[in-house]
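Chemist: Return atomic coordinates for the entry below.
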Amino acid sequence: MERLSTENLEQALTALAAFLEEADAARETLVVICGSALISLGLISRTTKDVDIMAGVDAEHGLVDPRPMSAALQAAAAAVSREMHLDPHWLNTGPADQVLAGLPEGFLSRLTWRDYGPALTIYLPDRFDLIHLKLFAIMDQGRGRHSADLAALRPTEDELLTADRRVLTQDAGEVFPQIVRTALTDIGYGHLVARL
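Modeler: The predicted model follows:
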């Protein structure tokens, strides 16, 4: 299976839009996060196997649950997968629960967007919000690529403290604050723990 990179991510999204337009589908408005957002914004140069949809964007209701993906979007994604030899689940709604977990205030207003023709708009988070999302991913899934991605975002200490304080509100468990402090230390910011 091919992986998505700076070179072919745009090709995949352009093809997705073309298949949607060909099917005369309703416009899809998708908030994309994780590695594909970082690649699309030029913030990292690694590859990823997928494009993670966190939400849809509705003019009246703001961020909306993207699940289930429309039949037209599923069909277009399958066509792109076949054409470009991508993972069958290259387009997925895996991180959709993040909206329920909470997002930084003003997240929606900071989104930037790119139109891929009349049938597809992709929304991308601001760097500040990506710092928050990556920090939460480290707490949720462990260091790995998330730590490398966070480092590539080059957060200032103030940005990291703001993100840490926000992440602390996302889990009411008694042990979660210690998990956050340990993770912060593990990624090289232990000196900030006392300021949380």
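Chemist: ok, longest strand in the protein?
Modeler: Assignment by DSSP state E gives strand 51-58 as the longest strand of the chain.
Chemist: for this structure, what spans make up the helices?
Modeler: If DSSP state H is used as the criterion, the helices of the chain fall at 6-22, 34-40, 71-84, 98-101, 107-110, 127-141, 144-152, 157-168, 176-186.
Chemist: and those helices as TSV, adding mean neighbour count, mean pLDDT and distance to residue 63?
Modeler: In this view, the C-beta of every residue, glycine as well, is placed from N, C-alpha and C. Putting those into TSV (neighbours: other Cβ atoms under 10 Å; pLDDT from 0 to 100; distance: least, Cβ to Cβ, whole Å) gives the following:
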stretch	mean neighbour count	mean pLDDT	distance to residue 63
helix 6-22	18	97	20
helix 34-40	23	96	15
helix 71-84	17	98	17
helix 98-101	15	88	6
helix 107-110	14	97	6
helix 127-141	21	90	12
helix 144-152	17	90	22
helix 157-168	17	91	16
helix 176-186	16	87	24
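Chemist: Among the ones you listed, which comes closest to residue 90?
Modeler: Of all the helices of the chain, it is helix 71-84 that lies closest to residue 90, at 5.7 Å by Cβ to Cβ.
Chemist: Could you tell me which other helices and strands the closest one packs against?
Modeler: If you count contacts as 3 or more Cβ pairs under 8 Å, 6 or more residues apart in numbering; DSSP states H and E, helix 71-84 packs onto helix 6-22, strand 91-92.
Chemist: Break the chain into its domains for me.
Modeler: 6-125, 128-195 (automatic domain parsing).
Chemist: about what we covered before: indicate which one of the helices and strands packed on helix 71-84 is closest to residue 167.
Modeler: Across those, residue 167 has its closest neighbour in strand 91-92 (23.2 Å, Cβ to Cβ).
Chemist: Can you tell me how far the residue sitting nearest the centre point of the chain is from residue 174?
Modeler: Most central in the chain under Cα atoms, centre = their mean is residue 33, positioned 1.2 Å from the mean C-alpha point. With the distance defined as Cβ to Cβ, to the nearest Å, residue 33 ends up 28 Å from residue 174.
Chemist: With residue 63 instead?
Modeler: 30 Å.
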